[in-house]
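# I'd like to go over a predicted model; first the sequence, then the structure.
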Amino acid sequence: MIIGIDVREGVKTIRAGKGEYVYQVVGGLIKATQHQFVLLTDQPLPSAWQQDNVIVKKGPTNSLIWQLWAWLYIEFTRSLDVYFSPTSLIVPALLRSVPVVTALMDFVSFLFPSTHNLKSVWLERMWMRPALINSRRLIAISESTKQDAIKLFKINPQKIIVTLLAASFVDEDEPYPLPPGPIILFVGTLEPRKNLAILVKAFEGLKPELPAAKLVMVGRWGWQREELQQTIGQSPYRRDIHILTDVKPAQKRSIYKQAQVFVFPSLYEGFGLPPLEAMSLGVPVVASKVASLPEVVGAAGILVNPYAENELYEAMKGILTDRNLAEKYAQAGRHRATQFTWDKTVQHTLAILEEIGK
């Protein structure tokens, strides 16, 4: 069987959730089977992917031009048995000669458009429906994402298969010293959907009781950064709020391990890898009780209303001041994280691709 895959997100040096999904699944698929893979990219591949059963096709770096190039290549010049699109909608919407499997990451463009990049909202609203209709099978990264697809687009539930994600870190472990004091940690893109202004406000409420506490946010600046920057700039505790945009993958483990509590007040997630990463390392987690996050965290962390600053404050205070409570959630998180593995994700994905491509 010849399987074509759009791997652009997975070849990036610094990967967010989507990129990590592509990197782990594609690498696992290559190792798990002797099927031939045609990997469509816009950058060089990781060395681990350069195997005898892999053919590389590199297209333009401009995203929209790449979509046209990939569609023409698959449709007219290469015989594939199945095409897997982990993060893009345009090619799945256009293809006719090859069966398509499309992964569904989230529906933020439809549910929280004001917190998302305008270009992404426009493109997803144009291409999502035809991509969903044209795909033979859809892979949702959470039950919440599956239910969103059903509610928004009336998709047949039997067409959508849920394959959960997992936590992982690179083999290298490079130290990244954080300032002294109890560390409240966030990891993710610094954008409105992550609801970080309320985290800053809850942190301000905590400081009089825990004056040594530090708030550390790790991630790249995203869309509409001005509000968060203004909130931090006006905070009386701004000197204790640290924004780290230069963290390398090898340094993530070190940063997580220095945290006393991991806080993820996001308004919406398709899955939510950072809380799972924190749990896997025994860091107590406080997260929103919305969208997919209850699926990920379960009873192994404290779930709060993301719009309720006081709930966030109380949850953080509880973890930081009650050693027994912190240890309870540290142990529960470690145990829950073992239930999520990339091997499961890869095997479920491979079964779907083999079914559609046979």
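In hand now; what should we look at?
# from here on, contacts and neighbour counts on C-alpha atoms
Noted.
# Return the distance of Gln34 relative to Gln234.
For Gln34, the distance to Gln234 (Cα to Cα, to the nearest Å) stands at 57 Å.
# Also Pro44?
Using Cα to Cα, we find Pro44 at a distance of 43 Å from Gln234.
# So between these two, which is more surrounded?
Comparing Pro44 with Gln234 by other Cα atoms under 10 Å, the one with more neighbours is Pro44, at 13 against 10.
# Give the full set of residues in contact with that one.
If a contact means Cα atoms under 8 Å, 6 or more residues apart in numbering, then Pro44 has Val11, Lys58 as its contacts.
# Tell me which helix or strand the residue nearest to Lys289 when sequence neighbours are not counted sits in.
The shortest distance from Lys289 to any non-neighbouring residue, by Cα to Cα, 6 or more residues apart in numbering, is to Leu303 (4.9 Å). Using DSSP states H and E, Leu303 sits in strand 302-304.
# Could you look up the SS state of Ile184?
Local secondary structure at Ile184 is given as strand here, using DSSP: H, G, I helix; E, B strand; the rest coil.
# no wait, Ile55
Taken by three-state DSSP, the conformation at Ile55 corresponds to strand.
# Pull the number of nearby residues for the residue nearest to it when sequence neighbours are not counted.
Once its chain neighbours are removed from consideration, Ile55 has its nearest residue in Val38; the separation is 4.7 Å (Cα to Cα, 6+ apart). Neighbourhood size, Val38 [other Cα under 10 Å]: 21.
# who touches Val38 in this structure?
Val38 makes contacts with Ile2, Ile3, Gly4, Ile5, Val54, Ile55, Val56, Lys57, as judged by Cα under 8 Å, 6+ apart.
# go again using 7 Å as the cut-off
Neighbouring residues of Val38 by Cα atoms under 7 Å, 6 or more residues apart in numbering: Ile3, Gly4, Ile5, Val54, Ile55, Val56.
# quick one: it from Pro182, how far?
Using Cα to Cα, one gets 48 Å for the distance from Val38 to Pro182.
# re earlier: identify the residues contacting the strand holding Leu303?
Strand 302-304 is contacted by residues Val285, Val286, Ala287, Ser288, Lys289, Glu311, Leu312, Ala315 when judged by Cα under 7 Å, 6+ apart.
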